[in-house]
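K.L.:
One predicted model, sequence on top.
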Amino acid sequence: MAYLEPGRHPKIGGVEITDGYVFVDFTSPKWLHTEMYSRALAFKREFHYDFVQWDAVNPRSDVTGQGFLFVDEEKCIVGACAFRLREDNGKSWWGLQWIWFAPAHRRAGLLARRWTALRERFGRFHIEGPVSPAMQRFLAKIGDADLIAYKNIDQI
């Protein structure tokens, strides 16, 4: 469970780190999917969900999934999140499915420093629930609490 106390990953130097994250999609190397899966599993366990929301075994089965491994200044993978493209009634939008940081790296401004880049990439996305009280406080603080209720596709 190295993801709980992250150290520098031996392969992290070989990937592009942009705005403090590594982008992961269905074309990414297997080891990046394994890192995403580890954090998705931690999220599942911590919040007692039924299943893990990232497939490391067959990542090509999910072409709309976009993951982000958050990397700190020491090049440690300290967290991750996943977005998926949603569609309904001929409209589409992005949904933030989950986000997780190692406990020692929470409330340290890591998400705040990366939030603008996520908003620029995905625009006005929906934050899928349930949403933790800590995430609700973060969103209220930065003025994005309305993204939790952003399910009405007529607003898209």
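P.N.:
Yep, it's here. Just so you know, these numbers come straight off a predicted model, no measurement behind them.

K.L.:
only C-alpha atoms for contact and neighbour calcs from this point on.
P.N.:
OK.

K.L.:
any idea where the strands of this protein begin and end?
P.N.:
Assigned by DSSP state E, the chain shows strands spanning 21-24, 66-71, 77-88, 91-101, 126-127.

K.L.:
could these go into JSON lines alongside distance to Gln136 and mean neighbour count?
P.N.:
Listed next are the strands of the chain as JSON lines, based on distance: least, C-alpha to C-alpha, whole Å; neighbours: other C-alpha atoms under 10 Å:
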{"stretch": "strand 21-24", "distance to Gln136": "22", "mean neighbour count": "20"}
{"stretch": "strand 66-71", "distance to Gln136": "20", "mean neighbour count": "23"}
{"stretch": "strand 77-88", "distance to Gln136": "16", "mean neighbour count": "20"}
{"stretch": "strand 91-101", "distance to Gln136": "12", "mean neighbour count": "19"}
{"stretch": "strand 126-127", "distance to Gln136": "10", "mean neighbour count": "23"}
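
K.L.:
Let's have these in CSV, adding distance to Leu41 and mean pLDDT.
P.N.:
Below are these laid out as CSV (distance: least, C-alpha to C-alpha, whole Å; pLDDT from 0 to 100):
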stretch, distance to Leu41, mean pLDDT
strand 21-24, 16, 94
strand 66-71, 14, 96
strand 77-88, 11, 94
strand 91-101, 10, 94
strand 126-127, 19, 94
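
K.L.:
so which of those gets nearest Thr116?
P.N.:
Nearest to Thr116 among these is strand 21-24 (12.3 Å), distances taken as C-alpha to C-alpha.

K.L.:
hmm, back to that, quick one, which of the strands of the chain gets closest to Ser38.
P.N.:
strand 77-88 (9.4 Å).
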